[in-house]
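K.L.:
Next one to model:
(2 chains)
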Amino acid sequence: DAGITQSPRHKVTETGTPVTLRCHQTENHRYMYWYRQDPGHGLRLIHYSYGVKDTDKGEVSDGYSVSRSKTEDFLLTLESATSSQTSVYFCAISEFLPSGGAPYEQYFGPGTRLTVT
Amino acid sequence: QQQVKQSPQSLIVQKGGISIINCAYENTAFDYFPWYQQFPGKGPALLIAIRPDVSEKKEGRFTISFNKSAKQFSLHIMDSQPGDSATYFCAASMNTGFQKLVFGTGTRLLVSP
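P.N.:
Numbering: from 1, shown residues only, chains lettered A, B, ... in the order given. Below you'll find the predicted structure:
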């Protein structure tokens, strides 16, 4: 999985509790992404980061926040978990892509399965 | 404008047959179209990708066909093998500094022995 680890790999939590998922990379890639994967929806972008302390919202960002204090770590926080946030969460990384140049591959981590009861 | 529509949702093909998965997009600004393969319990991995300046790209048994005027692209898996059984996602992005990928909903392929 291209030097990407996610922790925890599995978590069960109760509604209303905060949850933090961690993504760690050893590739020194500039861009990092958080997706959620749900049946019938494919993968949807939650938040992404284009550098240390530089983050932006994706398609489904409500109820989620992120932080990136180091190049290698990208944290996803569910501020108050809800049952609708039960999902598999994937972190991905990619390198800087000069405009017009060949696209760089986006590498995915192994995923975190989160269940909110 | 941001959607990528993928079909079929699931597909069963006999060993040695051809698997075909189709995708359609709306946003004409998309200019990079990758296909990802995902095995159970794993993250997606890039399989093959195409830019709109070509109509076809082949890598081994995997071929992408691209129809710019119809805004459609498809994945063909020739001589399908049981080891190809996985979920396949098409995606699209604009070539602007980083990959903000928009994914299709996925196709679960089962290749029967």
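
K.L.:
What number of residues are in the vicinity of whichever residue of chain B sits closest to chain A?
P.N.:
Using CB to the nearest CB, B:G43 is the residue of chain B that sits closest to chain A, at 3.3 Å. Where C-beta positions appear, they are placed from N, C-alpha and C, glycine not excepted. By the measure other CB atoms under 10 Å in any protein chain shown, the count of residues near B:G43 is 23.

K.L.:
Look up how far B:G83 lies from it.
P.N.:
Using CB to CB, to the nearest Å, B:G43 is found at 18 Å from B:G83.

K.L.:
contacting residues for the residue most central in space within chain A?
P.N.:
Among the residues of chain A, the smallest C-alpha distance to the mean C-alpha position (CA atoms, centre = their mean) belongs to A:W34, namely 2.1 Å. Taking CB atoms under 8 Å, 6 or more residues apart in numbering or on different chains as the criterion, A:W34 is in contact with A:21, A:23, A:45-48, A:58, A:64, A:66, A:74, A:76, A:89-92.

K.L.:
Also B:S80?
P.N.:
The contact partners of B:S80, taken as CB under 8 Å, 6+ apart, are B:V13, B:Q14, B:K15, B:G16, B:G17, B:I18, B:S19, B:R61, B:L109, B:V111.

K.L.:
hmm, try it at 10 Å
P.N.:
Contact analysis of B:S80 by CB atoms under 10 Å, 6 or more residues apart in numbering or on different chains lists B:11, B:13-19, B:61, B:109-112.

K.L.:
now A:N28
P.N.:
With the criterion set at CB under 10 Å, 6+ apart, A:N28 makes contact with A:G3, A:T71, A:E72, A:I93, A:E95.

K.L.:
Just list whatever residues bridge to the nearest residue to the third one once chain neighbours are set aside.
P.N.:
Read it as A:E72. When the adjacent residues along the chain are set aside, A:E72 lies closest to A:Q25, with 5.3 Å between them (CB to CB, 6 or more residues apart in numbering or on different chains). When bridges are called by DSSP bridges, A:Q25 pairs up with A:I4.

K.L.:
Tally up the residues packed near A:Q25, please.
P.N.:
As a burial measure, the neighbour count of A:Q25 was computed by other CB under 10 Å and equals 21.

K.L.:
Mind checking what secondary structure the residue of chain B closest to chain A has?
P.N.:
Per DSSP: H, G, I helix; E, B strand; the rest coil, the secondary structure class of B:G43 is coil.

K.L.:
can you give me phi and psi for it?
P.N.:
Geometry field for B:G43 lists phi and psi as phi -80, psi 160, criterion degrees, to the nearest 10.

K.L.:
so it makes contact with A:Y33?
P.N.:
No: at 11.6 Å, B:G43 and A:Y33 do not qualify as touching, with contact defined as CB atoms under 10 Å.
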